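>>> Build me a structure from this.
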Amino acid sequence: MDPTKSIQVDSLEEAHEEMYRLGWTDGLPVIPPTAKLVSAALDFLGRDPQDVIGEIPPKNRIATVEKVVVNSVMAGCLPEYIPVVIASIEAMLHNEFNLNGIQATTNCISPLAIVSGPVVEQLGFNAGDNVFGGGSRANAAVGRAIRLVLWNIGGGYAGEIDRATFGHPGKYTFCVAENSQDSPWGPLHQDLGLPAESSAVTVFACESPHHIATGSGYVLTGGDILAVIADSIATAGSAAMNGGGQVLLLMGPMTAQKLASDGYDKQQIREELHQLARKPVRLMKSNKFLNPEHPFHWANFIDPEDDDAMIPALRTPEDLLIMVAGGWGSGSGFNAVCHGWMQAGGLAQTRPIELIPS
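Alright, predicted model coming up:
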């Protein structure tokens, strides 16, 4: 798409149909990026419209500030949301994220944007009930803007370059916020090297969330709760079991508070789940997810002839990303796990968000 190209239409309905015809949307309707809306957003940012953010693979088209603004307007972003979108794109361009691979893989992963720090309250991101669902303009619009950038600038077209066999709903919008108010620990971006007081966005390419009920609100020990979570992480067919890589654990406030009251910090949780989230060789022998010759295959570090040997889903404790999000719920203590893309890419990258005074 060319943001400098002017298209004349006679009605809003015609504008929507023209954007579909031009392929500017992956299926959902978008807001027409009028000159007035784009100019207002650019004025708010105060940046040169031609500033280059980077090349977006796989088409490797140049993402300028103006092009990102156009896609953000189409997604329904308020101008103050756009620095979050820009920081997310910058994070995804890190080599270890392997955005080219993510855009083209057959795996069902999509970049998740995790917003944390003071920006969550300042811009109205949802970090509580229904955190992966609808209801928050900030979550929905930022996630949608990221997807449109990957679609319109990167060219990650479904069924063409994007060969995901199933995909998941996060390919429309995939953005959550961290619930710092109910968390007994520091934020995710602090774990990844930024000051705790920062506003930040962390991108991580992962599958859709898998729900885990742990019974955190009942009379259980922290060890009991972690055993349930471990079993959900160590799913035999998951990319983690077969090829390692990172896994994101989203703890509901009830579970987080229960574990903290039992004396757990994040590092202790990582270390215990590293030990618990395992499956025996005898089970994994029948799983041909990866050829044993593949460099990420578990047989490279576990004796494939020892049926009793235990294969860790988390190759190291640091492969587990932990954040608190979602609502309190009932005594079941709800949580979620999102598996990543082995060690092939999508590894978590964090960038600070520079808020612009309104």
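
>>> Let me see the contact set for Phe125.
Contacts for Phe125 were tallied using C-beta atoms under 8 Å, 6 or more residues apart in numbering; they are 115, 119, 136, 138-139, 142, 175, 177. Glycine gets a C-beta too; all of them are placed from N, C-alpha and C.

>>> make it 10 Å
Phe125 sits next to 81, 84, 115-116, 119, 131, 136-139, 142, 175-178 when contact means C-beta atoms under 10 Å, 6 or more residues apart in numbering.

>>> Among the residues you listed, which lie within strands?
115-116, 175-177 (DSSP state E).

>>> Top of those by number of neighbours, please.
Most neighbours among the ones in strands among the contacts of Phe125, by other C-beta atoms under 10 Å: Ser116, with 32 neighbours.

>>> isn't it right next to Pro195, touching?
No: with contact defined as C-beta atoms under 10 Å, Ser116 does not reach Pro195; the gap is 11.7 Å.

>>> so what sits against both of the two?
Joint contacts of Ser116 and Pro195 (C-beta under 10 Å, 6+ apart) are 187, 189.

>>> from the ones in strands among the contacts of Phe125, which is closest to Asp307?
Val176 (39.8 Å; C-beta to C-beta).

>>> roughly how far apart are the residue nearest to Ala196 when sequence neighbours are not counted and Glu121?
Nearest non-adjacent residue to Ala196, counting by C-beta to C-beta, 6 or more residues apart in numbering: Gln190, 4.4 Å away. Look at Gln190 and Glu121: by C-beta to C-beta, to the nearest Å, they are 17 Å apart.

>>> Could you do Asp48 as well?
30 Å.

>>> which regions of the chain lie under the pLDDT threshold?
Scanning the chain for pLDDT under 70 picks out 1-5, 358.

>>> the helices in it, which residues?
12-22, 35-45, 65-75, 82-92, 99-104, 119-123, 137-148, 188-191, 222-233, 239-243, 253-261, 266-276, 281-284 (DSSP state H).

>>> Make CSV out of these and add distance to Gly167 and mean neighbour count.
Below are the helices of the chain laid out as CSV (distance: least, C-beta to C-beta, whole Å; neighbours: other C-beta atoms under 10 Å):
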stretch, distance to Gly167, mean neighbour count
helix 12-22, 20, 13
helix 35-45, 29, 15
helix 65-75, 19, 25
helix 82-92, 18, 25
helix 99-104, 12, 22
helix 119-123, 28, 19
helix 137-148, 11, 25
helix 188-191, 25, 23
helix 222-233, 22, 19
helix 239-243, 15, 24
helix 253-261, 29, 22
helix 266-276, 28, 19
helix 281-284, 26, 16
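
>>> Please convert these to JSON lines, extending it with distance to Lys171.
As requested, these are arranged in JSON lines below (distance: least, C-beta to C-beta, whole Å):
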{"stretch": "helix 12-22", "distance to Lys171": "17"}
{"stretch": "helix 35-45", "distance to Lys171": "24"}
{"stretch": "helix 65-75", "distance to Lys171": "14"}
{"stretch": "helix 82-92", "distance to Lys171": "14"}
{"stretch": "helix 99-104", "distance to Lys171": "11"}
{"stretch": "helix 119-123", "distance to Lys171": "23"}
{"stretch": "helix 137-148", "distance to Lys171": "7"}
{"stretch": "helix 188-191", "distance to Lys171": "23"}
{"stretch": "helix 222-233", "distance to Lys171": "23"}
{"stretch": "helix 239-243", "distance to Lys171": "17"}
{"stretch": "helix 253-261", "distance to Lys171": "28"}
{"stretch": "helix 266-276", "distance to Lys171": "28"}
{"stretch": "helix 281-284", "distance to Lys171": "29"}
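
>>> Skipping adjacent residues, who's closest to Arg61 in space?
Counting by C-beta to C-beta, 6+ apart, the residue nearest Arg61 is Ile153, at 4.9 Å.

>>> OK, contacts around that neighbour?
Ile153 neighbours (C-beta under 10 Å, 6+ apart): 1, 53-57, 59-64, 67-68, 70-71, 89.

>>> Could you rerun that using 8 Å?
1, 56, 59, 61-63, 67-68, 71.

>>> repeat for Gln343
Taking C-beta under 8 Å, 6+ apart, one finds 243-245, 296 in contact with Gln343.

>>> What is the neighbour count of the spatially closest residue to Asn287 that is not a sequence neighbour?
Spatially, and ignoring its direct neighbours in sequence, Asn287 is nearest to Ala236 (5.6 Å; C-beta to C-beta, 6+ apart). Applying other C-beta under 10 Å, we find 14 other residues in the vicinity of Ala236.

>>> burial of the closest residue to Ala260 other than its chain neighbours, as a residue count?
Nearest non-adjacent residue to Ala260, counting by C-beta to C-beta, 6+ apart: Pro184, 3.6 Å away. Counted with other C-beta under 10 Å, residues neighbouring Pro184 total 16.

>>> what about Arg351, distance to Arg61?
21 Å.

>>> er, Trp185 I mean
40 Å.

>>> now do Asn287
39 Å.

>>> cool, Arg278 as well?
For Arg278 relative to Arg61 (C-beta to C-beta), the value is 43 Å.

>>> okay, these two: which has more neighbours?
Using other C-beta under 10 Å, the more surrounded residue of Arg278 and Arg61 is Arg278, with 19 against 15.

>>> what's the neighbour count on the residue lying closest to Gly244 once chain neighbours are set aside?
Excluding its sequence neighbours, the residue lying closest to Gly244 (C-beta to C-beta, 6+ apart) is Arg315, at 4.3 Å. For Arg315, the count of nearby residues is 18 (other C-beta under 10 Å).

>>> so what's Arg315 up against?
244-245, 301.

>>> out of those, which one sits closest to Cys108?
Gly245 (14.2 Å).
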